[in-house]
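>>> Structure for this input, please:
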Amino acid sequence: MDLSKNPRDTDRFTQTLLAVGLSVFALLSLRRGKRLRGVLAGAGAVALGYSASTEPGDVVEQFAVELDTVSTTDDDQLRCAACGEPIVPGQNRGPNGNDETVHGSCLESSL
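The predicted structure follows:
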């Protein structure tokens, strides 16, 4: 027995039918004056239609590119203008006389 059908194709077909059904339900609800029910069903129809028209990894890859969760490298870090050491988040810092960012301890020692 050869299973040549892809389960994703069946899911896509089912999601498309559900999206069409929800959109009809949304239109009927809106015509009857049930605004909240119609808007929620319409939003569900849009979500199902979108997920049926895209590949499963497309959305995840798009968000990964937009968020860019790669950790910062040494070159991307803020550095002290006085000593050249990196300034870590939460560390005391401030501007010196030339409006450059320096450690709080470097700023106090230069005064």
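>>> and residue 41, how many residues sit next to it?
21 (other C-beta atoms under 10 Å). Glycine gets a C-beta too; all of them are placed from N, C-alpha and C.
>>> And the pLDDT for the closest residue to it other than its chain neighbours?
What sits nearest to residue 41 in space, not counting adjacent residues and going by C-beta to C-beta, 6 or more residues apart in numbering, is residue 26, at 3.8 Å. Among the per-residue scores, residue 26 holds a pLDDT of 96.
>>> quick one: contacts for residue 26?
For residue 26, the contacting residues are 37, 38, 39, 41, 42, 45, taking C-beta atoms under 8 Å, 6 or more residues apart in numbering as the criterion.
>>> Name the residues of the helix or strand hosting it that are buried.
Taking DSSP states H and E as the definition, residue 26 sits inside helix 7-31. For helix 7-31, the neighbour count (16 or more other C-beta atoms under 10 Å) marks 12, 15, 19, 22, 23, 25, 26, 29 as buried.
>>> need the contacts of residue 26 in CSV with pLDDT, can you?
Compiled in CSV, the contacts of residue 26 are given as follows (pLDDT from 0 to 100):
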residue, pLDDT
37, 96
38, 96
39, 96
41, 96
42, 95
45, 95
